[in-house]
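K.L.:
Structure for the following, please:
(4 chains)
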4 protein chains.
Amino acid sequence: MIVVMKPGASEAHIQHVVKLVREYGLKEHIIYGTDRTVIACLGDKRAVDKGAIENAPMVEKIVPILAPYKMASLEVKKERTVISIGPKQFPIGGTKIGVIAGPCAVESREQVLQTARQAAAAGCIGFRGGAFKPRTSPYSHQGLGKKGLELLAEARQETGLAIVTEVVGLEQIEEILPVADVLQIGARNMQHYPLLEAIGQTKKPVLLKRGMSATLDEFLLAAEYIINAGNPNVILCERGIRTFETYVRNTLPLAIIPALRERTHLPIVVDPSHGTGHAYMVPSMCLAAVAAGADGLLIECHPDPEHALSDGAQSITPEVLTQLMVRLRKVAQAVERDL
Amino acid sequence: MIVVMKPGASEAHIQHVVKLVREYGLKEHIIYGTDRTVIACLGDKRAVDKGAIENAPMVEKIVPILAPYKMASLEVKKERTVISIGPKQFPIGGTKIGVIAGPCAVESREQVLQTARQAAAAGCIGFRGGAFKPRTSPYSHQGLGKKGLELLAEARQETGLAIVTEVVGLEQIEEILPVADVLQIGARNMQHYPLLEAIGQTKKPVLLKRGMSATLDEFLLAAEYIINAGNPNVILCERGIRTFETYVRNTLPLAIIPALRERTHLPIVVDPSHGTGHAYMVPSMCLAAVAAGADGLLIECHPDPEHALSDGAQSITPEVLTQLMVRLRKVAQAVERDL
Amino acid sequence: MIVVMKPGASEAHIQHVVKLVREYGLKEHIIYGTDRTVIACLGDKRAVDKGAIENAPMVEKIVPILAPYKMASLEVKKERTVISIGPKQFPIGGTKIGVIAGPCAVESREQVLQTARQAAAAGCIGFRGGAFKPRTSPYSHQGLGKKGLELLAEARQETGLAIVTEVVGLEQIEEILPVADVLQIGARNMQHYPLLEAIGQTKKPVLLKRGMSATLDEFLLAAEYIINAGNPNVILCERGIRTFETYVRNTLPLAIIPALRERTHLPIVVDPSHGTGHAYMVPSMCLAAVAAGADGLLIECHPDPEHALSDGAQSITPEVLTQLMVRLRKVAQAVERDL
Amino acid sequence: MIVVMKPGASEAHIQHVVKLVREYGLKEHIIYGTDRTVIACLGDKRAVDKGAIENAPMVEKIVPILAPYKMASLEVKKERTVISIGPKQFPIGGTKIGVIAGPCAVESREQVLQTARQAAAAGCIGFRGGAFKPRTSPYSHQGLGKKGLELLAEARQETGLAIVTEVVGLEQIEEILPVADVLQIGARNMQHYPLLEAIGQTKKPVLLKRGMSATLDEFLLAAEYIINAGNPNVILCERGIRTFETYVRNTLPLAIIPALRERTHLPIVVDPSHGTGHAYMVPSMCLAAVAAGADGLLIECHPDPEHALSDGAQSITPEVLTQLMVRLRKVAQAVERDL
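P.N.:
From the prediction side, this is the model:
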């Protein structure tokens, strides 16, 4: 951490900050520059709230130097994490790219089984579908609950696909655990810390979605909560961020893939369905995500999007998915990976 | 809801949409324009997922006409809601403006009581302080929990201030209810629907903070969840949004005050501490919020910000608060209100 | 400037950076920390492109310490700048707050004179109106040009109001100079450097609008261009920024007022018309801007907004303006200023 | 255009809007719904400022239906535009993808010729380099001017690469025209209308960069200005947008590629250098852009980025470029195109 003093700060102001720095268990190193005095603070600064020092007289700003996360960082663990999921233990984070497809919400037996069969036939390795749905409006479809979980279990049984399903609240964990191969934490829950800690106490693989306006540090700190609670099996998922753009539901910032690679050992999956909000954009963004180095894709797929109870606008059909898988494989091979 | 067809849409495409519209329980009204055909859909459209129709062939876009919330809207309830809080039943939403001050986190008996006394003496009507803290990093101070609640109860007892404290998870509601006069739902929890519903089942006044990238509709839909569950006592709180600006922690968009006045009957409070992130900006933003028509303020105040365990950078001292209250009263009177 | 090395950087990597730092005319100061080595660079760093060093091996990031502007900063000039404008030499930046009102575009003699008379009667000190209009669409009204300037001159003659009008391109400066008391640089031109330099060569007061996504540094660097070219009479104007919010045309971030006060001696004016985009929000945002410490306001006002050729939605009528001025005066006095 | 009335609008309010609609040369079509009356307006609405009507009493909002651009749209011209550039007339917008590389600024003869030779050898079809530079700070390197143009001409002569160079102001067009094969309009100038019109009067191919916070409509309207002035040879260039993200200089929204394909016939090029700001991210974003369907790439390349006078942090070396071209070709072929 670097404390930058305002021009005109006196030696007394500087010594006041030095005193604070020492109280926080850090060692100071003062550099008297032409225009500014800066105080470099040595030691492990992760637990210190930097804001407190900013309030001292004649302090201009505080500049953090270290990333605030540890266990999620490449500094602590250099080799890439590979997480095996589902009945067939597909390794997410290795050479092969895993595609997980399925509807936003579980709606009926036929919808689930038909989609799961077609996804499996097309080469997908996971099936997604929400039994519990966090909906922006209290008047929207809220999910089938327990009945939905049974349908997911049946799809898993028949196809061997890994089941990825969202946990909306702590109270559902127990019920979902036996059915899910991967617990999904939604974007709205990325900073719901009691949930992160509770899921951290299971050993189940977790798909952690980035909050729609989360910074990279906040995203990795959410992962840190889970790892810190005992569960190292965290898959990061970029699903688009909120910006001023209106031709998309969210702006999909694929440069986060190389940015995360520089900082963390955790695998990275991309959700181009929420990341765009429109079915016609999904195929090209899937291809782009694979070319950019994603370890997996999460795709919304529905046999009848026009009648989907949620996210119809961004769902592709199983037929489009099947064709897309062929193209994805070619791009994966072009970047020396496979599908 | 309006469905806009692409240029070149055939009568068959139009009739396909008409069929969908009727399946959703709506009545169509087709307008054949020079460049586009548009299909106006009549009926109550709040429960329909508009996205589903967007996926039909040759549909260009869907334009919603109605706001998605009902009970939070001025259409359903025209008179302004006034919510009385605390031992002295101060009415939030009336002519008088209520100032709620206190530290981010409850840290010690002395910190709490000293701040509460000075806040009361300065004319504040509420005391804020977190016993349970949602923190971005797992390594940060997480709050005193039960002990913190006891200190808040003591502050209430001694000063008569209304206690405003945050509920981080469902599991804390029961413990917090007896102490809190107002349950705060933090920005990160604005879309934590199980929490909204659970708090909706109490009758306790709620301070609902806007999520840092929530739209106005999403904000009012979160309020709708609480009202719909049975609790009409919702106070809306603007606390700044995430934008590209870096000289502030959040950008404080005060124009939301007249915008909400046009749409909802609920009272509106502003939090200039989170809304700026820097103590030196807090007084001018408090004055601006009052001039813009806020019904109340939520201000972080700490007797020793340099040693605050959280949010030190944005906390003002009780001395600054005391002077600020004098200036706030003058501005309140200038806009024909009082403090 | 601080260079932060990656963990694992060798002494050779560090010495390579030291060599670069010296080549840039700076002096290094190396601090070997527990987790990172950081290299503080001493000297005047404003002309160095920090990016170049970031590309050296094992450099993690570059952290600038100094603000990139000089002449616009409080460090170089501590007393507040006061700029006198118009026939009556109203001082912008002093105790009194100056209100400038008028239509977006000059449309007709009657429109201009009627509005100017009512603005003057209400206590405004300036009249705004565009003779040359930068329009987003080539099919929109582009302004009356020379004829418009004549109408502005007539309004000035009759009312004594200071004329504020926009310069869209270099080629218009000569024509506009005799009529304008203040040259306005629009948000879209904030980084049009040839224009900034050309206007910098006049001594005419300048109203510099913030670009809709300009950072605070970029805004002050644009002012620096003008001052550096010889014209110190720069009035800064906040007119709202582009964010994800859709209930406003732009989000008006009033906290920029205290933020600029900490950094610059230049006067600050706020434009709540562009800053919101809706007439009904303009009065409350005017009141808020004054309470927050603005030195002036720029308000769009049109006698018949329903037929305005541009910006009709955000224009208030002269009648609304007249009432607003009364309320503004009260708030100004409440914050110890006047109108 | 649709006018949505507020609930409670009387027939008189509706008829007042009808009168306005007719005055604007449109035909009304009134739909009386359960909760709202909406007035559909038929006719060519591009020249009407919709805002004006919003100000009429009891109008809730105005919803545009048509895109505001014409000649840039697929409605007016269905076949994709192909623009041939440079001495070898490489077709941008066809099956083959064109890569344009070179330094941010022209610095020296050796820098230009070395980079151009290596770019040509690697298979690039264009060379970029600024002789006139728009710089955020007045103290930064402002370009070599005329001397820079001579160096670009020499590079063209020797390598046969198409020269792409930026026009900062109208006054440079004449000087730049003989040297440039493609005139670049920078992001900061995207809404500098006099420049757009002046360049529209040449027939020279134009590379139009998206403004850093331009909407899709504003981007295409800027193209419309150029086409409307007589020059149909517009290449659109996405270079990243300003968002809350700080790990990148700009957020690169690749979904704009399919979005533009749905709306315009103009070719689309991506600039991953400005689009990320960091050299290490450039290769993966180039691969992603090609996979997503870009017609070309614009890449900053410098033989010695550590000493580059501008944009060093985001420049890759010719060696990295050469390797990247091999990988790009594979991805291009995987999506059935070529390089």
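K.L.:
What ranges does the stretch 1-150 of chain A have for its helices?
P.N.:
With DSSP state H, counting those that start in this stretch, the ranges of helices along the stretch 1-150 of chain A come out as A:11-23, A:50-54, A:109-122, A:146-159.
K.L.:
what's the third one in contact with?
P.N.:
Looking back up the chat, that one is helix A:109-122. A:101-103, A:106, A:127, A:129, A:151-152, A:154-155, A:158-161, A:301-304, A:318, A:321-322, A:325 (Cβ atoms under 8 Å, 6 or more residues apart in numbering or on different chains). Backbone N, C-alpha and C define where each C-beta goes, glycine included.
K.L.:
Sort out which of those are buried, if you could.
P.N.:
Among these, those classed as buried by 16 or more other Cβ atoms under 10 Å in any protein chain shown are A:101-103, A:106, A:127, A:129, A:151-152, A:155, A:159, A:161, A:301-303, A:318, A:321-322, A:325.
K.L.:
From the residues you listed, which land in strands?
P.N.:
If you go by DSSP state E, the buried ones among the contacts of helix A:109-122 have A:101-102, A:127 in strands.
K.L.:
Columns pLDDT and distance to chain D on top of these, output as a markdown table?
P.N.:
Shown next, in a markdown table, are those (pLDDT from 0 to 100; distance: Cβ to the nearest Cβ, whole Å):
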| residue | pLDDT | distance to chain D |
| --- | --- | --- |
| A:A101 | 98 | 19 |
| A:G102 | 97 | 22 |
| A:F127 | 98 | 25 |
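K.L.:
need the longest helix for chain A.
P.N.:
Identified as the longest helix of chain A according to DSSP state H is helix A:318-334.
K.L.:
Can you pull the residues of the stretch 1-150 of chain A lying near chain B?
P.N.:
A:20, A:23, A:46-47, A:49-56, A:62, A:68-69, A:134-141 (Cβ under 8 Å from any Cβ of the partner chain).
K.L.:
Just the buried subset of those residues, please.
P.N.:
Buried among these by 16+ other Cβ under 10 Å: A:20, A:46, A:49-56, A:62, A:68-69, A:134-141.
K.L.:
Where do the helices of the stretch 201-339 of chain A begin and end?
P.N.:
A:216-228, A:256-263, A:282-292, A:318-334.
K.L.:
Any idea which of those helices gets closest to A:V179?
P.N.:
Ranking these by proximity to A:V179 (Cβ to Cβ) places helix A:216-228 first, at 19.7 Å.
K.L.:
ok, and what's touching that closest one?
P.N.:
By Cβ under 8 Å, 6+ apart, helix A:216-228 touches A:67-73, A:185, A:190-191, A:193, A:196-197, A:199-200, A:206, A:208, A:210-211, A:214, A:234, A:236, A:256, A:259-260, A:263-264, A:266, B:136-138, D:245-247.
K.L.:
which parts of that helix are buried?
P.N.:
Residues A:216-228 are the ones in helix A:216-228 that count as buried (16+ other Cβ under 10 Å).
K.L.:
try stretch A:245-259
P.N.:
Neighbour count says stretch A:245-259 has A:245, A:247-259 buried, by 16+ other Cβ under 10 Å.
K.L.:
can you list the residues of chain A near chain C?
P.N.:
Counting by Cβ under 8 Å from any Cβ, chain A sits next to chain C at A:2, A:4, A:7, A:29, A:31, A:33-36, A:38, A:40, A:42-44, A:63, A:65-66, A:75, A:242-244, A:246.
K.L.:
Which ones among those map onto strands?
P.N.:
A:2, A:4, A:29, A:31, A:38, A:40, A:42, A:63.
K.L.:
are any of the residues of chain A next to chain C buried, and which?
P.N.:
Burial by neighbour count, judged by 16+ other Cβ under 10 Å, picks out A:2, A:4, A:29, A:31, A:33, A:36, A:38, A:40, A:42-43, A:63, A:65-66, A:75, A:242-244 from those.
K.L.:
quick one, domains of chain A?
P.N.:
A:2-63, A:83-334 (automatic domain parsing).
K.L.:
Turn those into JSON lines, columns for distance to B:A279.
P.N.:
Output for those, formatted as JSON lines (distance: least, Cβ to Cβ, whole Å):
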{"stretch": "domain A:2-63", "distance to B:A279": "6"}
{"stretch": "domain A:83-334", "distance to B:A279": "22"}
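K.L.:
right, so of those, which gets closest to C:V168?
P.N.:
Between C:V168 and the domains of chain A, the tightest spacing by Cβ to Cβ is seen for domain A:83-334, at 24.1 Å.
K.L.:
Of all the helices and strands in chain A, which has the lowest average confidence?
P.N.:
helix A:50-54 (a mean of 80; mean pLDDT, DSSP states H and E).
K.L.:
what helices or strands is that one leaning on?
P.N.:
Applying 3 or more Cβ pairs under 8 Å, 6 or more residues apart in numbering or on different chains; DSSP states H and E, one finds that helix A:50-54 makes contact with helix A:11-23, strand A:59-63.
K.L.:
Quick one: distance of the first one to the chain centre.
P.N.:
Distance of helix A:11-23 from the chain centroid (Cα atoms, centre = their mean, to the nearest Å) equals 40 Å.
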